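# next one to model:
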Amino acid sequence: MNQNNPAGRNRIGLWVLTATHAGNDFYTGAVVALLPFFVLQANYSYSAIAGITLAATAFSSVAQPIFGYLSDKYGMRWMSLAGLATAGLGVALSGLVSHSYLAVWVVIAISGIGIAAYHPAATMEARQVGGGTSGAMSLFSVGGNIGVALAPSAVILVVGWYGLKGTWLLAIPAVVLGLVYIAVSRSQLLRRPTLVASDTVKVSAKQAEVVDDWRAFGWLSLVLALWSIAYVGTSTFVSLYAIERFQTSTQFAAIALSLFPAAGALGTLVGGWLADRFGRLRMVRMGYLLAALSIAAIAFAPSPVVVIVATAALGVSLFIPFAAQITLSHSYLPNRIGLASGVTLGLTLSLGGVFSPLLGRIADQYSVQLVFIIMAALTAVGFVLSFVLKERTSEPKRVIAIETTAVENEESHS
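Modelled structure (predicted):
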C-alpha cells in the first residue's frame, strides 16, 4: 500500500472540506441564532420565526435531492463553492431587510438553497478523499457541527454591537473559506488519493453491480425525518424556552444554543469512531434512546442550568448516529451516492422544517415546554423504528472511487 497514505485518504483534502463544511453550516446556526433578535428587535411572533425556520429548511430540503441527482450525473464540484457563497449572501442580507418579514423570508430561503447546493457535492468529495469510512465521514460532518456552534457567538457579537443592520459582516466566513477552497483546488490538493495497482482490491463485475435497496433507504429516511424534528425543534426553541420559562437573559440562553452543536461535534466524532468498531446500527439505536431521554430532561428541567446540561447531553446523543446514518444511506444506494446524500442531508430535514410552524403555534397557544415533550415522544418513536433498519455489507469496494489515468497506470507498472 502507498506508504504516504496508508489509509487510502487525502488528509489535506478532507481537512479543507471539513473547514468549508464548517463555513457552510455556520449559516444554518446563524439563522437560528438570529431568531431571538428578530423577536426582540423586529417584534416577530413565535409563529413568524417558525416560518423563517421553514424558509431556511423547506426549500433547502427539497432542493438537496435535486442537487444530489445532478452531482451523480454531472459531477458539478463547483456547487460546493456556489452553495457556500449563496448561503453567506442570504444571511448577510437578512438583517438589512428586517423591516420586511417577506424580504427576510425570501433571503433566508435563498440562503437555505445555497446550503442545499453545497452538501451533496461536498459530501461526495469527502467520501472520495476519506475512503468511505464512518470515521472519515464523521470528521467531515463535525465541521458542520463546529460551524453551527460558532454561529451564536458571532451573531451575538455582531448584532449585539451593530444591531440587525450589522448582519452583512456575517458574510466574512463564506468569503475567506471560499478563497481557501479555490486556492487548494487549483493546487490539486483536493484530488482523490491515487493508488498503484498493488493497492487496488480487484472485484468482479458482478460484485461491482450492487442493487440499490430502496425499501431499506425508505425506512432510514423515515427515521431521519424524526431525527430532524428533534434537531430543528431544539435549535429553534431551546434558547426561547430558557427565556420564557426561567426569564434568563438572551446571552445566558445563547449558551445552550452554542453547546448544542458543540456537543454534537463530539457526538459525531465519537459516533463515527464507534460505528466503525462496533457497528452502525448499535450507534443509531443508542443515540436515539439517549436523545429521547435528554429531550425529556430539558422539558422537565427544574432550573436553567439543567436545561444547559441536558441540551449538551442531547447534542452528543443526537449526533452519535449521524455519520453512521450517512454511510448507511450510501450502502443502501451505492449507485446513487449524490442522491442518497441529498435525501439524507436534505429532504428528511424538510419534515423538521415543515413541523416548525406547527411547533411554533403550539408554543404560542400553550407553551414551549409542550414542544419539547412532543419532540421527546417523536424521538422515542425513532428509536423504535431504528430496529427495522438492517446493516448492509455488500457495498462495492469501489467506494474509494479511484480513477487513475493511463499515464499513472503505466508508471505503476514501471
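
# and residue 71, how far from residue 83?
Going from residue 71 to residue 83 by C-beta to C-beta, to the nearest Å gives 11 Å. The C-beta positions use only the backbone N, C-alpha and C, and glycine is treated the same way.

# identify the contacts common to the two.
Taking C-beta atoms under 8 Å, 6 or more residues apart in numbering as the contact criterion, the residues that touch both residue 71 and residue 83 are residue 121.

# residue 242 against residue 307, yeah?
Yes: checked against C-beta atoms under 8 Å, the pair residue 242 and residue 307 is within contact range at 5.3 Å.

# any common contacting residues for these two?
When C-beta under 8 Å, 6+ apart defines a contact, the residues bordering residue 242 and residue 307 alike are residue 256.

# ok, now which ones touch residue 325?
Under the criterion of C-beta under 8 Å, 6+ apart, the contact list for residue 325 reads 220, 223, 224, 227, 280, 284, 344.

# by neighbours, which of the residues you listed wins?
When neighbours are counted as other C-beta atoms under 10 Å, the busiest of the contacts of residue 325 turns out to be residue 344, with 29 neighbours.

# which residue sits closest to that residue, ignoring its sequence neighbours?
If you skip the residues right next to it in sequence, residue 344 has residue 329 as its closest partner in space, 4.2 Å away by C-beta to C-beta, 6 or more residues apart in numbering.

# tell me which helix or strand residue 29 sits in.
In this structure, residue 29 sits in helix 11-42 according to DSSP states H and E.

# show me the shaky parts of the stretch 151-300 of the chain.
With pLDDT under 70 as the threshold, the stretch 151-300 of the chain has low-confidence stretches at 188-209.

# C-terminal to the helix holding residue 29, what's the next element?
Taking DSSP H and E, what comes next after helix 11-42 is helix 46-74.

# would you mark the buried spots in that following helix?
Applying a neighbour-count criterion of 16 or more other C-beta atoms under 10 Å, the buried positions in helix 46-74 are 46-72.

# what's the angle from that helix to helix 11-42?
The directions of helix 46-74 and helix 11-42 differ by 160 degrees, with axes from the mean of the first three to the mean of the last three C-alpha atoms, to 10 degrees as the criterion.

# determine the set of other helices and strands touching helix 46-74.
For helix 46-74, the packing partners by 3 or more C-beta pairs under 8 Å, 6 or more residues apart in numbering; DSSP states H and E come out as helix 11-42, helix 78-94, helix 101-130, helix 214-246, helix 337-342, helix 349-365.

# give the contact list for residue 21.
Residues in contact with residue 21 (C-beta under 8 Å, 6+ apart) are 118, 122, 126, 140, 141, 143, 144, 147.

# oh, that last question was meant for residue 106, not what I typed.
By C-beta under 8 Å, 6+ apart, the contact list for residue 106 reads residue 55.

# just the pLDDT for the residue nearest the centre of the chain.
The structure's the chain has its C-alpha centroid closest to residue 144; by C-alpha atoms, centre = their mean the separation is 5.7 Å. Reading off the per-residue confidence, residue 144 sits at a pLDDT of 83.

# let me know whether it touches residue 23 as I believe.
No: between residue 144 and residue 23 there is no contact under C-beta under 8 Å: 9.7 Å.

# shaky segments in the stretch 301-414 of the chain?
Scanning the stretch 301-414 of the chain residue by residue, the ranges that satisfy pLDDT under 70 are 346-350, 393-414.
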